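K.L.:
give me coordinates for this.
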Amino acid sequence: MKGKQPKPLNGKLILSCFFLLFLFLLIKRPAFSYSSFSLTSSLSNECTKIPSSLSNALVHYALSKITPQQTVQEISVSLKVLQKKSPCNILVFGLGYDSIMWTSLNHGGRTVFLEEEENWIRSVTEEHPYLESYHVVYDTKRSEAKQLHQIGMQKQCKQVSDPRHSKCQLALKGMPSFVYETQWDLIMVDAPTGYNDTLPGRMSAIYTAGLLARNRLDGETDVFVHDINREVEDRFSMSFLCKGYMVEEKERMRRFNIPSHNNASLGTPFCP
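P.N.:
All right, here's what the predicted structure looks like:
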């Protein structure tokens, strides 16, 4: 998410990101397996080409003075899941300095970013046109968080349905139609901005991420919430992604594994 103040250059973080990218390629991509570097392969005149998304990411982070806003420990939470699931469908609330990294790590899959500021989308995609980002309008303020949490506890907000048809005030209804129809494997909530009461806050994003996960046809969705050191992210993630679905927490990152409720009985509770 780009709304935070950029951090100064952190060489250790950049090197760590490079290592994670390389390790990911080495483990997951057949083209970069040990056999690719065998003597037989090296004697042949064939050469394996790095995908453009990965080469672009390496060049970008090598030259950038701005590092991803998640720490190495926080990134590792998502990376472990990506190593098992990619290429897959990833939905990210927020277009930020780490967007190139997520797209690269999901090479061959689809990574979509939902962003609140149109000017920022234009600025980023002009430089990196391969990033897929869409504008989303939020009609909340962080100052309303307490009231919205009380609303979220009501019966209409504990019913699993397509967010477009939900009667809950927390459900986001203005996103592109494919967002509601895609089977997302990973959802990252790192937006909208929410560091003071005049900003939208992440109440609706967290709630809607939970609905999208529960409403998938089958399987499970890993949902990640960043900045759980803040009250809204902490309270709303535990209430609507559910403490019973939480599987990991490192620093400011929390991971939930939410199963589909599509084929569940009518008596299945919103939270376990």
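
K.L.:
in stretch 151-171, what's buried?
P.N.:
By neighbour count on 16 or more other CB atoms under 10 Å, the buried set for stretch 151-171 is G152, C157, V160, P163, S166, C168, Q169, L170, A171. (Glycine included, C-beta is placed from N, CA and C.)

K.L.:
let me fix that: stretch 184-198
P.N.:
W184, D185, L186, I187, M188, V189, D190, A191, P192, T193, G194.

K.L.:
can you give me the end-to-end distance of that stretch?
P.N.:
For stretch 184-198, the first-to-last residue distance is 31 Å (CA to CA, to the nearest Å).

K.L.:
so the residue positioned nearest the centre of the chain: helix, strand or coil?
P.N.:
Taking CA atoms, centre = their mean as the criterion, M188 is the residue nearest the geometric centre of the chain, at 2.2 Å. Per DSSP: H, G, I helix; E, B strand; the rest coil, the secondary structure class of M188 is strand.

K.L.:
my read: it touches S99, true?
P.N.:
No: at 10.1 Å, M188 does not count as touching S99 under the criterion of CB atoms under 8 Å.

K.L.:
any residues in contact with both of these two?
P.N.:
Common neighbours of M188 and S99, using CB atoms under 8 Å, 6 or more residues apart in numbering, are V92.

K.L.:
can you tell me which of the buried residues of stretch 184-198 comes closest to S239?
P.N.:
Nearest to S239 among the buried residues of stretch 184-198 is V189, at 13.6 Å by CB to CB.

K.L.:
so where do the helices sit in this structure?
P.N.:
11-28, 39-43, 52-63, 72-85, 99-105, 118-127, 145-152, 177-181, 203-214, 231-236 (DSSP state H).

K.L.:
what residues of the last one count as buried?
P.N.:
Of the residues in helix 231-236, those scored as buried under the neighbour-count criterion (16+ other CB under 10 Å) are V232, E233, R235, F236.

K.L.:
give me every residue that touches Y245.
P.N.:
Residues in contact with Y245 (CB under 8 Å, 6+ apart) are F256, N257, I258, C271, P272.

K.L.:
chain neighbours aside, what residue packs nearest to it?
P.N.:
F256 (4.5 Å; CB to CB, 6 or more residues apart in numbering).

K.L.:
so the one you found makes contact with R214?
P.N.:
No: the pair F256 / R214 is not scored as a contact, 11.1 Å apart, by CB under 8 Å.

K.L.:
that older thread, report the beta-bridge partners for the residue nearest to Y245.
P.N.:
V223, M246 (DSSP bridges).

K.L.:
and it, what pLDDT?
P.N.:
The per-residue pLDDT reported for F256 equals 98.

K.L.:
look up how far Q156 lies from H165.
P.N.:
Separation of H165 from Q156 (CB to CB, to the nearest Å): 11 Å.
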